[in-house]
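Student: for reference, the sequence and a predicted model appear below.
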4 protein chains.
Amino acid sequence: MNPVLRQLGRRLRLGVVGGGAGSFIGPVHRTAARLDDRFEVVAGVLSSDAERSRAQGVAIGLAPERAYADWRTMLETERARPDGIDVVAVMTPNHLHFPVADAALDAGFDVVCDKPLAMTSAEAIALVRKVAATGLVFCTTYNYSQYPMVRQARALVASGRIGAVRQIHLEYVQGHAAARDTAETAAWRHDPARSGQSLILGDIGTHAQHLGAYVSGLDLEAVLAELATTVPGRASDDYAALLLHWAGGALGTLWVTNAAAGAEHGLSIRIFGAEGGLEWQQEQPNHLLHRRRGGFAELQTRRLHGALEPLAEHATRLEIGHPEGYQEAFASLYRDVADAVVARRTGRAVEPLALDFPTVLDGARGIRFIEAAVESSRTGSWVDCRLDPC
Amino acid sequence: MNPVLRQLGRRLRLGVVGGGAGSFIGPVHRTAARLDDRFEVVAGVLSSDAERSRAQGVAIGLAPERAYADWRTMLETERARPDGIDVVAVMTPNHLHFPVADAALDAGFDVVCDKPLAMTSAEAIALVRKVAATGLVFCTTYNYSQYPMVRQARALVASGRIGAVRQIHLEYVQGHAAARDTAETAAWRHDPARSGQSLILGDIGTHAQHLGAYVSGLDLEAVLAELATTVPGRASDDYAALLLHWAGGALGTLWVTNAAAGAEHGLSIRIFGAEGGLEWQQEQPNHLLHRRRGGFAELQTRRLHGALEPLAEHATRLEIGHPEGYQEAFASLYRDVADAVVARRTGRAVEPLALDFPTVLDGARGIRFIEAAVESSRTGSWVDCRLDPC
Amino acid sequence: MNPVLRQLGRRLRLGVVGGGAGSFIGPVHRTAARLDDRFEVVAGVLSSDAERSRAQGVAIGLAPERAYADWRTMLETERARPDGIDVVAVMTPNHLHFPVADAALDAGFDVVCDKPLAMTSAEAIALVRKVAATGLVFCTTYNYSQYPMVRQARALVASGRIGAVRQIHLEYVQGHAAARDTAETAAWRHDPARSGQSLILGDIGTHAQHLGAYVSGLDLEAVLAELATTVPGRASDDYAALLLHWAGGALGTLWVTNAAAGAEHGLSIRIFGAEGGLEWQQEQPNHLLHRRRGGFAELQTRRLHGALEPLAEHATRLEIGHPEGYQEAFASLYRDVADAVVARRTGRAVEPLALDFPTVLDGARGIRFIEAAVESSRTGSWVDCRLDPC
Amino acid sequence: MNPVLRQLGRRLRLGVVGGGAGSFIGPVHRTAARLDDRFEVVAGVLSSDAERSRAQGVAIGLAPERAYADWRTMLETERARPDGIDVVAVMTPNHLHFPVADAALDAGFDVVCDKPLAMTSAEAIALVRKVAATGLVFCTTYNYSQYPMVRQARALVASGRIGAVRQIHLEYVQGHAAARDTAETAAWRHDPARSGQSLILGDIGTHAQHLGAYVSGLDLEAVLAELATTVPGRASDDYAALLLHWAGGALGTLWVTNAAAGAEHGLSIRIFGAEGGLEWQQEQPNHLLHRRRGGFAELQTRRLHGALEPLAEHATRLEIGHPEGYQEAFASLYRDVADAVVARRTGRAVEPLALDFPTVLDGARGIRFIEAAVESSRTGSWVDCRLDPC
């Protein structure tokens, strides 16, 4: 048992909402929670169908009485158990993120919640306020920010290594939806009432926007966007291109699509300042290219001890040259959330490096970004996307 | 002597305007003309200063009497010589492209002219009309279109290999101007009267625009642009980001800058259709990635005999695995121009594959693109960039 | 709980030997066992020092009475418990692999054992015979063979996609030991009595040899080797270069070192047959290059559903484009071992794809390879390295 | 005309032997000679058949009387002409390299000669002595040594940037001969009397050996080699794998083949010293990876002014990011030879950086290397490959 958990004397107990049969993200969450041995998944609601929820809960190893039929029952019952869950993880279709997370906070649970955080920025701001009021831990799963070399990039920018930031270019280019939709496509994804104002931005665009904000340390201030459907006969959008204005005057672009035939999952950032630039791509996550004005570029490598920034070192586990990937980065969210939860409960301080995970405020900024982009695409003009003060 | 030249019985005679001491592009032109042994450089004007022009002409090996003091004298004198030049190559600062090319056509010479073709689309259209009226050969040096794997991409798109085109994303990202300008920066580059309405678009942005048009076979119809100066204290623009609408409904983006600290010369295209996508980068020009929907990507390779499209095979010289680069692609322009000039003079047909070089019309479209982008950046709205019928 | 475990009604119980404080491989084993939720680590011996063993056992979360002082006690005590361990995992310094694994088999446990399997091929053959006699499950942790794209390569070779195999070239190039040894270097590594006949081959060379055998499906028959110490003042070898003869006439090379200054963990295979070749590198494990004679190369990608071979698909968890790495491949060993153990205990058949993990016989072949290479380096001549029939 | 030629007042006059119809290397030589405008090809023998030689000479633009029927006539006639050739370039099948080069020296010409220099080291040593005796310029076309980033590597090693050299690993992996030979295969290539003792080593293996010597600045001292024919039914060898001992104790390997199905022209070097390592691949020639012990790797780039070593800067022409390739590197040989020839004739000093081209001595070392490898493969033991003192 790791030193932090030893303060508590046990692993944390996790209740999951969503992630049943056919879900990609469900196993990712559960494996992430397990990977660093700080959580046990002990309760869950795996489906919106009561029967399926119970059966699938048992199938992932829950005790039958903790494989709940619906999430309200789970929250209520677990709150009453002496050995009840500590943390709720929300991985439902988009429209349920807000109500479940909101109720979990009301029930006094710390929360891990998938993006997009809510359907409107009003909802998102309500969550921000509730988290502030309760002091509970709340993590929005902008998981890509936990890759060691993304954190290295953030630390390099923060320390001035590339100088004043001038340009930030973001991409998230997938190909899985390049063909026309079929009966197999998850229905909620193409129903705006359940997926949100923009499927493509809620699904992956907001990951790229957060990546830009996280690495640069800057807020996004305004967007000029074109959202579109490129595959004929599709109900949802599958393409967005945006011009970006960042705080401090940096300019940039964002291109996101899931309809680029043959593409994989091309999330990337290229950021340039007065003295150099950084490039990172999710498909090769263990390296970071550091371009230097007037000098040769440096190919930075995960887990080169002594050369990595502490923020990056904190989030890596294996030796140099042994690749880490998506699952490890996702696990780092859970590891840090565990530390934060234990600290809150025990009143002890937590290692500051463990607190650099995306919060409810990051989630709310993502919702405001989506709203602004949708409005810009409709009006053809720049829209301010700063979050109203709360 | 190659079969085409044998029809003429001699090498073609080239007169150059521009490209004197300190010029990057001058030696590129002269080497390109020499590389395939179809041209001799026999006359030239190397500088706007008469003395320097004569001295530098002799320095590159011209006979003293053909190292002219000014371009008007060269055109007039060479026209009168029995062994006068056949072709005029224009590689001056931007503002002189139009008057020199225009006068060369008037003098009856075939022309190779650098981009941007002119300062306004009115001038460019005048050139288009003059070329049509005279029947002379006119090549605008969009040299990147001559890379074998760019031509391979064009052929694959034309043959439907990636299906209906849906997205075209273009970049030209350089870093050489990331620092503040110094006394060494060529003065004309930062003087709009000599560089044109947008330095960054005239210098490199129009290369990327042409690359998109050439590979896709589509016209660019409208742009929404942001032009900016990111390096403090600079007179010219050094950044542009554009949203693009292509004929047939394809969407896209274009990002161009010379101020990305530490970047090299990152010209690239990514084009996606219903069935697949293609990616090409100038920094690794001998390969082309062909992504395929539902299948593995293919890494296409220059000079794999029997597997390359004829359009690509036409423009390559060396064996597979022996890299060709920028100079070879530039030389392909001259090689094809030579064939076209000989065909015009002898009245014989030319190999159709040799006629796929950028023309005066391509140059004019580039000027219209620049004008539209400048207007869009000023007004914040979409601007039609189709060339008026001429 | 996954379908296989459901047959047993519980997770498997694992006892670990080795992997205490400061060990790299200890956490890798324990995380691997946990990742797919088929094992609980419930007993262990973490150090050869009794006090440290108990303290470190508790530190990783063991109940105090199952944090044993020595491995003999663990085997004996656990055998007697009704809830005793099912499987023993051996991750000690090299010289203890054999005695612990041997005793674990004697005690009736299934075994996961690190390579090199033993100090001599006589020991290794004894283990092979004991496994055959007992019918117990025995996995040697040649973990790299579990990478999805390594398995894809194996399946492509087996199905004849590259034709008759002609050349196999292997590398394992690390840089961590490029500097002179210091007090921090683990002492056993530089003591042949504990590390074995060749540190560099036992440590990483045998991984490369197994990779070649696994992908090609061929046995290694003879070696001509040069072993050397390139860093002055070092007691162990840090370099080996070998010429290889494979069954069926294929030729090849193997280069292994941990003293290539600045290198990461460059394990790779390049295999060529009459019709094509395959290239895989551990540093970019999610792709496999399939070269094709007379055609373009294909860049094969992990988790492209429908395009991957079943053997590869079996060992992957995440979507295309979401990188998997070393830890996931290691976990696949444990997942398949779990399935094999449950099948042995329940008498039910196991999915054949789950049985393709490295066995005691693979481990024994590795020991014979090391012995032959050491002899060849001493004599300067080819040495047969086939395992004597057993 | 460049400053060096201006001392002479004209371009140098080149006579070529070999390189007629169907030859790959003939056009490469002629383009290389022309590229930097220091040579005119004015005489030649293009075929061993008199008629074809004359016709093909005219076809490449020679005056009919200088399109000779045989090389002896050319040497004799040109020696007598007042405007006769200055330099002889030899690009015949292998067995004629020696007699033509030898006779050219006798006739007082400077020589550019393809590798392998001769059929035996006795012949090669005779050439070395004749060059020393005559003071003529002699270049062996180890053209890969002229790539800017290869020269950068040499300069970095020489200046101690990677510390004492410990390992040198070389490859030249082609795929063009992976299929069985057909009638189209050049007959001389499979006739040892014309190709030499080992086709694969004479053709490409000696390029890799020279690359190792050039970059490291070390002589190769001994080899342990396996030469083989991997494609059934072939008369020549198509595979070699060698263990290498370099002067000063560095170890290494060399793998060369033209039968790796689907491979391109994978010439590469990886060299490691006490402080770091360098990696260069011909397929991406504009970059050099500089690994650093304990630090991040640096990706060095052609033509980053001020950051490149003078030796590398000397051999590059274009701006950073504009790729140069094989033809440019080959041209650098001719450019430097021109400078050396002019210096010899005018008695003036030449820029020292221009003198770093491969000489007759390098060519002779290559022949000794081939001989030693052939002997080692036959005897199965290490063979000293140092050139006898001459």
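Tutor: Thanks, I have it. Just so you know, these numbers come straight off a predicted model, no measurement behind them. Numbering: from 1, shown residues only, chains lettered A, B, ... in the order given.

Student: give me the residue from the stretch 151-300 of chain A nearest chain C.
Tutor: Sorted by distance to chain C under Cβ to the nearest Cβ, the residues of the stretch 151-300 of chain A start with A:His265, at 2.6 Å. In short, each C-beta sits where N, CA and C put it, glycine included.

Student: surely that residue and C:Gly321 touch.
Tutor: Yes - at 2.6 Å, A:His265 and C:Gly321 qualify as touching, with contact defined as Cβ atoms under 8 Å.

Student: and the most centrally placed residue in chain A, what does it touch?
Tutor: The centroid of chain A falls nearest to A:Tyr142 when counting by Cα atoms, centre = their mean (1.6 Å). By Cβ atoms under 8 Å, 6 or more residues apart in numbering or on different chains, the residues touching A:Tyr142 are A:115, A:206-207, A:210-211, A:214, A:358, A:362-363, A:366.

Student: quick check: A:His169 is in a strand.
Tutor: Yes - under DSSP: H, G, I helix; E, B strand; the rest coil, A:His169 sits within a strand.

Student: so who does it touch?
Tutor: Residues counted as contacts of A:His169 (Cβ under 8 Å, 6+ apart) are A:252-254, A:269-271, B:255.

Student: let's see if you can find the most crowded of the residues you listed.
Tutor: Counting neighbours by other Cβ atoms under 10 Å in any protein chain shown, A:Ile271 comes out on top of the contacts of A:His169 with 29 neighbours.

Student: turn the contacts of A:His169 into a markdown table, columns for distance to chain C and secondary structure.
Tutor: Output for the contacts of A:His169, formatted as a markdown table (distance: Cβ to the nearest Cβ, whole Å; DSSP: H, G, I helix; E, B strand; the rest coil):
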| residue | distance to chain C | secondary structure |
| --- | --- | --- |
| A:Gly252 | 23 | strand |
| A:Thr253 | 21 | strand |
| A:Leu254 | 18 | strand |
| A:Ile269 | 16 | strand |
| A:Arg270 | 18 | strand |
| A:Ile271 | 21 | strand |
| B:Trp255 | 22 | strand |
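
Student: how much space between A:Arg129 and A:Glu123?
Tutor: Distance of A:Arg129 to A:Glu123, computed by Cβ to Cβ, to the nearest Å: 11 Å.

Student: those two - which one has more neighbours?
Tutor: Using other Cβ under 10 Å, the more surrounded residue of A:Arg129 and A:Glu123 is A:Glu123, with 18 against 13.

Student: chain C contacts on the stretch 51-200 of chain A?
Tutor: Residues of the stretch 51-200 of chain A found near chain C (Cβ under 8 Å from any Cβ of the partner chain) are A:58-61, A:174, A:176.

Student: recalculate using a threshold of 7 Å.
Tutor: Applying Cβ under 7 Å from any Cβ of the partner chain, one finds that the stretch 51-200 of chain A approaches chain C through A:59, A:61, A:174.

Student: okay, now the first one: neighbour count?
Tutor: It stands for A:Ala59. Per other Cβ under 10 Å, the neighbour tally for A:Ala59 reads 17.

Student: cool, and the second one?
Tutor: Per other Cβ under 10 Å, the neighbour tally for A:Gly61 reads 19.

Student: if you count neighbours, what's buried in stretch A:77-92?
Tutor: By 16 or more other Cβ atoms under 10 Å in any protein chain shown, the buried positions in stretch A:77-92 come out as A:77-78, A:84-92.

Student: which of those fall within strands?
Tutor: Judged by DSSP state E, the buried residues of stretch A:77-92 include A:87-91 as members of strands.

Student: report all helices and strands that the host helix or strand of A:Gly44 contacts.
Tutor: According to DSSP states H and E, A:Gly44 maps onto strand A:39-45. Contacts defined by 3 or more Cβ pairs under 7 Å, 6 or more residues apart in numbering or on different chains; DSSP states H and E place strand A:39-45 against strand A:12-18, helix A:25-35, helix A:71-80.

Student: stretch A:336-343 near chain C anywhere?
Tutor: No - on the criterion Cβ under 7 Å from any Cβ, stretch A:336-343 is out of touch with chain C, staying 13.6 Å away.

Student: dump the buried residues of stretch A:77-92 to TSV, plus pLDDT and distance to C:Leu311.
Tutor: Output for the buried residues of stretch A:77-92, formatted as TSV (pLDDT from 0 to 100; distance: Cβ to Cβ, whole Å):
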residue	pLDDT	distance to C:Leu311
A:Thr77	98	44
A:Glu78	98	42
A:Gly84	97	43
A:Ile85	98	39
A:Asp86	98	40
A:Val87	98	38
A:Val88	98	39
A:Ala89	98	33
A:Val90	98	36
A:Met91	98	30
A:Thr92	97	35
